[in-house]
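A.B. asks: Here you go, sequence then predicted model.
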Amino acid sequence: MSVFNTLLGSVDWLLYRRDMAAQALHPEPIFILGHPRTGTTHVHNLMALDPRFACARTLHAGFPSAFLWLERFQWALAGLIDDTRPMDMMPLSFATPAEDEIATSALTGDVSAYLPLLFMRDHKQLFSDFYTFEGATAEDSRRWRDALLWFLRKVTLRCSWDDAAAAQHGGSRGSSAGRAGSAGAPPPAPRPLLIKSPVHTARVRTLLQLFPRARFIYVHRDPLEVFASAAHMADTYYWYCYLQTPGDADVTDFILDQYELLHRTYTADRALILPGRLVKVSFAELDGSPLGTLRRIYSGLGLEGFEAVRPACEAYCRGLHLKGFKKNAHRPLSPDLRRRVARRWGLLAAEFGYRISAGEGDAAADAVAARGEAAAV
């Protein structure tokens, strides 16, 4: 994929390399954090309806080297992706908001937090290398940072074309498949970036080094639901990724280890975030009142203009309802698996007000969860 992107990207490089190099980034991006399957995609999709934000789309993430020229031909690529995501049947298209980690994985080739999905039996060392970069070489860390910033500049540049076209024609922002704007006009101010990759949950410290004034949204969910949903995603999606076939025990260990790593590093580093730049959201709140939750996010982060974007968010939520979208129904975890989750995640989950009951017959695991709950009070 990296070689393919490089070949396609030669056109973007020839046409737009100076514009990309000169493109400034807004100093206050918004990062949506949280373990996979906690609702981060729902938050991302809702906030991406606000045209004031710059947001990577599926086409951008899938073809990071070439999307500036390739987007005018995306109609020819439509058959490459399904209409829905395999793990939850959420709508999918080239215009759907996407994870930037997909792009940096393609740009670097081998510096990726997604490598554990390819080589799940070896995930422990890969976590250290490419989630937190604690085990990575200085060169690999630099390559990832360069790829991330390059991609974000390119996404910002693409959004600036829409802004310049809107300013020129006195209309609203819209799609523009090429450079726009009148000659000699000053470039539009860069939009704040809206960025979502769950693996960034382990990178708060690194992200703040790049963007000291960044804002963050942290999404959490009942841990038993997280495990069940993550296991379902492994069954329905990860099989498209594997380059070595893991056993059931490997997948279970991956889910347990990933949760611990993401939550441990997030809780250790969240104090580095400036006051007023972190909002915590529960999946239950988001599921029960998406618009009310979004209003609280805007207020908590000091963002204006919620009422302006509210009609689009209402229409989006109505669309999901009309299309019959429903959350996946998962079977309850076995008693043994509940005990393992309680032992491994009990103290971490209590940090966010969750108590994992291990079920009858395991008082020790129940006690671990109870101690964790008490410690959080």
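C.D. replies: Yes, it's here.
A.B. asks: where does Ser282 sit relative to Asp257, distance-wise?
C.D. replies: Relative to Asp257, Ser282 is positioned 23 Å away (Cβ to Cβ, to the nearest Å). No exception for glycine: its C-beta is placed from N, CA and C like everyone else's.
A.B. asks: Compare these two (neighbour count), which wins?
C.D. replies: Ser282 (19 against 15; other Cβ atoms under 10 Å).
A.B. asks: Phi, psi for the more buried one please.
C.D. replies: Main-chain dihedrals, Ser282, degrees, to the nearest 10: phi -90, psi 150.
A.B. asks: That one reaches Arg221, doesn't it?
C.D. replies: Yes. Using Cβ atoms under 8 Å as the test, Ser282 is close enough to Arg221 to be in contact (6.9 Å).
A.B. asks: in whichever helix in the chain runs longest, what's buried?
C.D. replies: As assigned by DSSP state H, the longest helix anywhere in the chain is helix 138-169. Within helix 138-169, the residues that count as buried by 16 or more other Cβ atoms under 10 Å are 140-141, 143-145, 147-148, 150-167.
A.B. asks: Check which helices and strands it sits against.
C.D. replies: Applying 3 or more Cβ pairs under 8 Å, 6 or more residues apart in numbering; DSSP states H and E, we find helix 138-169 packed against helix 2-22, strand 54-55, helix 58-62, helix 67-70, helix 100-108, helix 123-130, strand 193-196, helix 204-210.
A.B. asks: can you put those in JSON lines and add mean neighbour count, mean pLDDT and distance to Ile30?
C.D. replies: Shown next, in JSON lines, are the helices and strands packed on helix 138-169 (neighbours: other Cβ atoms under 10 Å; pLDDT from 0 to 100; distance: least, Cβ to Cβ, whole Å):
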{"stretch": "helix 2-22", "mean neighbour count": "14", "mean pLDDT": "85", "distance to Ile30": "22"}
{"stretch": "strand 54-55", "mean neighbour count": "24", "mean pLDDT": "98", "distance to Ile30": "10"}
{"stretch": "helix 58-62", "mean neighbour count": "22", "mean pLDDT": "93", "distance to Ile30": "17"}
{"stretch": "helix 67-70", "mean neighbour count": "22", "mean pLDDT": "93", "distance to Ile30": "21"}
{"stretch": "helix 100-108", "mean neighbour count": "23", "mean pLDDT": "94", "distance to Ile30": "12"}
{"stretch": "helix 123-130", "mean neighbour count": "19", "mean pLDDT": "82", "distance to Ile30": "23"}
{"stretch": "strand 193-196", "mean neighbour count": "24", "mean pLDDT": "98", "distance to Ile30": "5"}
{"stretch": "helix 204-210", "mean neighbour count": "17", "mean pLDDT": "97", "distance to Ile30": "11"}
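A.B. asks: how many other residues sit next to the nearest residue to Pro290 once chain neighbours are set aside?
C.D. replies: Of all residues beyond its chain neighbours, the one nearest Pro290 is Cys317 (5.7 Å), with distances taken as Cβ to Cβ, 6 or more residues apart in numbering. The tally of other residues near Cys317 (other Cβ under 10 Å) stands at 17.
A.B. asks: Which strands and helices lie in contact with the helix or strand where Cys317 lies?
C.D. replies: Secondary structure from DSSP states H and E places Cys317 in helix 306-322. Judged by 3+ Cβ pairs under 8 Å, 6+ apart, the packing partners of helix 306-322 are helix 40-47, helix 290-300.
A.B. asks: Check which element follows it along the chain.
C.D. replies: helix 335-350.
A.B. asks: could you give the mean pLDDT of that next one?
C.D. replies: Averaged across helix 335-350, pLDDT comes to 93.
A.B. asks: just to revisit the earlier point, tilt between the helix holding Cys317 and helix 290-300?
C.D. replies: Interaxial angle of helix 306-322 relative to helix 290-300 (axes from the mean of the first three to the mean of the last three Cα atoms, to 10 degrees): 150 degrees.
A.B. asks: Now do Asp140 against Phe119, distance only.
C.D. replies: Separation of Asp140 from Phe119 (Cβ to Cβ): 16 Å.
A.B. asks: Equivalent analysis for Leu333, please.
C.D. replies: 26 Å.
A.B. asks: Domain-wise, how is this protein divided?
C.D. replies: 2-111+120-168+188-330, 332-377 (automatic domain parsing).
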